[in-house]
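Peer 1: take a look and give me a structure for this.
(one chain, ligands or ions: 2)
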Amino acid sequence: MSSNQTPEKATGLHIGTPAPGCKKTNPMLVIDHVKKSFGGLTAVDVEHLEIPTGAITALIGPNGAGKTTLFNLLTGFDSPDTGTWSFQGTSLSGVPSFKVAQMGQVRTFQLTKALSLLTVLENMKLGAKNQAGEGLLKSLIPSIWRKQDQEIEVKAMELLKRFKLDTKKDDFAASLSGGQRKLLEMARALMTDPVLVMLDEPMAGVNPALTQSLLDHVLDLKNQGMTVLFVEHDMHMVRHIADWVVVMAEGKVVAEGPPSTVMKEQAVIDAYLGAHQDTDLGVVTGRITIVDEGDK
Ligand SMILES: Nc1ncnc2c1ncn2[C@@H]1O[C@H](COP(=O)(O)OP(=O)(O)OP(=O)(O)O)[C@@H](O)[C@H]1O
Ligand SMILES: [Mg+2]
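Peer 2: Ligands and ions are numbered 1, 2, ... in the order given. I've put the predicted structure just below:
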């Protein structure tokens, strides 16, 4: 599917009027009273939030709104002061990050975490779950781990091909451009066959030549049945690919709804603009044109 055309939007995601905390017909994540403070600063204070299944949800909000912190909490990379949340009906409170990933909820990082001194293929293999080589008993039976290692490699190569990184499999991750590292991170996340993919600013710092490809990959995830939650500052991209938009400001969810309407809400305009309400949202975020910092 080419995202040059307007992608088909998922509808019927919510129940009632779109408003902060509104119920979803089929929520994948349900978050209740999740709070996190750093010193005197409340970074996240989400009373209730549901993320719809099978759709692309954009999490937007000004710098420092708490988006990355919320990602960290939901994926077990940090723990909240209070609150509970569930993923497909299973409580994830206190579940460590590696287990969260094994359960099918994976995330990428705002600053990519590809390991520079490993090759592209080695990075991919690290993303695989249930590596038989890790278990003591299985590690004593080389034929088991050799077979599993082969399967992992086949899968890694398939994904690398899809993300057009297969020719770089033996290159160190450090040699990739910023955009290629973002692609590698997304490909690596897919090694665990996730059901929910959380992307923290997947397009930031990506060369314009690669953004279309990244967009298509995000849309592909949905077409393959995965649920996507992504943080993005570029409002054009949000409008283009998101089925649902959640807006955070100062740790709280201040608005949510379909992209066509939510970005016109006063609470959203206020959150982004303060007094400068006649300015375009995309300009205020500073990312309406795609920056290519860090890209080669
Ligand atoms: N480890 C930390 N220690 C102290 N303060 C933190 C920490 N992590 C985040 N913060 C603060 O919490 C607030 C929310 O930060 P967060 O990174 O979640 O925002 P964000 O919405 O992701 O912003 P951006 O769009 O710039 O990435 C900010 O004020 C930030 O300075
Ligand atoms: Mg962030």
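
Peer 1: give me the distance between the residue nearest to F109 when sequence neighbours are not counted and ligand 2.
Peer 2: Beyond its immediate neighbours in the sequence, the residue positioned closest to F109 (Cβ to Cβ, 6 or more residues apart in numbering) is D200, lying 5.7 Å away. Yep, even glycine has a C-beta here, placed from its N, CA and C like the rest. For D200, the distance to ligand 2 equals 6 Å [Cβ to the ion, to the nearest Å].

Peer 1: is T84 within a helix or a strand, and which one?
Peer 2: Following DSSP states H and E, one finds T84 within strand 82-87.

Peer 1: on that earlier part again, show me what contacts the residue nearest to F109?
Peer 2: Neighbouring residues of D200 by Cβ atoms under 8 Å, 6 or more residues apart in numbering: 67-68, 71, 107-110, 230-231.

Peer 1: if we go to 7 Å?
Peer 2: Residues in contact with D200 (Cβ atoms under 7 Å, 6 or more residues apart in numbering) are 68, 71, 107-110, 231.

Peer 1: before we move on, back to that, what's the spacing between the next helix or strand after the strand holding T84 and its chain's center?
Peer 2: Sequence order places strand 90-91 as the next helix or strand after strand 82-87, per DSSP H and E. Computed by Cα atoms, centre = their mean, to the nearest Å, the separation of strand 90-91 from the middle of its chain amounts to 20 Å.

Peer 1: where does pLDDT dip in the stretch 151-296 of the chain?
Peer 2: Counting by pLDDT under 70, the stretch 151-296 of the chain contains low-confidence residues at 273-296.

Peer 1: now stretch 80-88, how far from the chain's geometric center?
Peer 2: Centroid displacement of stretch 80-88 relative to its chain, using Cα atoms, centre = their mean, is 18 Å.

Peer 1: buried sites along it?
Peer 2: Within stretch 80-88, the residues that count as buried by 16 or more other Cβ atoms under 10 Å are 80, 83, 85, 87-88.

Peer 1: quick check, that stretch touching ligand 1?
Peer 2: No. Using Cβ under 6 Å from any ligand atom, stretch 80-88 never reaches ligand 1; the gap is at least 12.4 Å.

Peer 1: ok, and what's touching that stretch?
Peer 2: Residues from elsewhere that reach stretch 80-88, judged by Cβ under 7 Å, 6+ apart: 28-37, 73-74, 91-93, 103, 105, 196.

Peer 1: average pLDDT for that stretch?
Peer 2: For stretch 80-88, mean pLDDT rounds to 97.

Peer 1: and for stretch 10-19?
Peer 2: Regarding stretch 10-19, the rounded mean pLDDT is 92.

Peer 1: buried stuff in that stretch?
Peer 2: 10, 13-14, 18.

Peer 1: make CSV from those and add distance to ligand 2 to it.
Peer 2: CSV is the format used below for these (distance: Cβ to the ion, whole Å):
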residue, distance to ligand 2
A10, 25
L13, 24
H14, 25
P18, 24
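
Peer 1: would you format the buried residues of stretch 80-88 as CSV with distance to E265 included?
Peer 2: Output for those, formatted as CSV (distance: Cβ to Cβ, whole Å):
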residue, distance to E265
P80, 27
G83, 25
W85, 25
F87, 28
Q88, 30
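
Peer 1: I'd like the next helix or strand past the longest helix belonging to the chain.
Peer 2: Secondary structure of the chain per DSSP state H: the longest helix is helix 142-162. Counting by DSSP H and E, the next helix or strand C-terminal to helix 142-162 is helix 178-189.

Peer 1: please state the offset of that next one from the chain centre?
Peer 2: Distance, stretch centre to chain centre, for helix 178-189: 12 Å (Cα atoms, centre = their mean).

Peer 1: that one packs against which elements?
Peer 2: Judged by 3 or more Cβ pairs under 7 Å, 6 or more residues apart in numbering; DSSP states H and E, helix 178-189 is in contact with helix 120-126, helix 208-223.

Peer 1: which positions in this structure make contact with ligand 2?
Peer 2: 67-68, 110 (Cβ under 5 Å from the ion).
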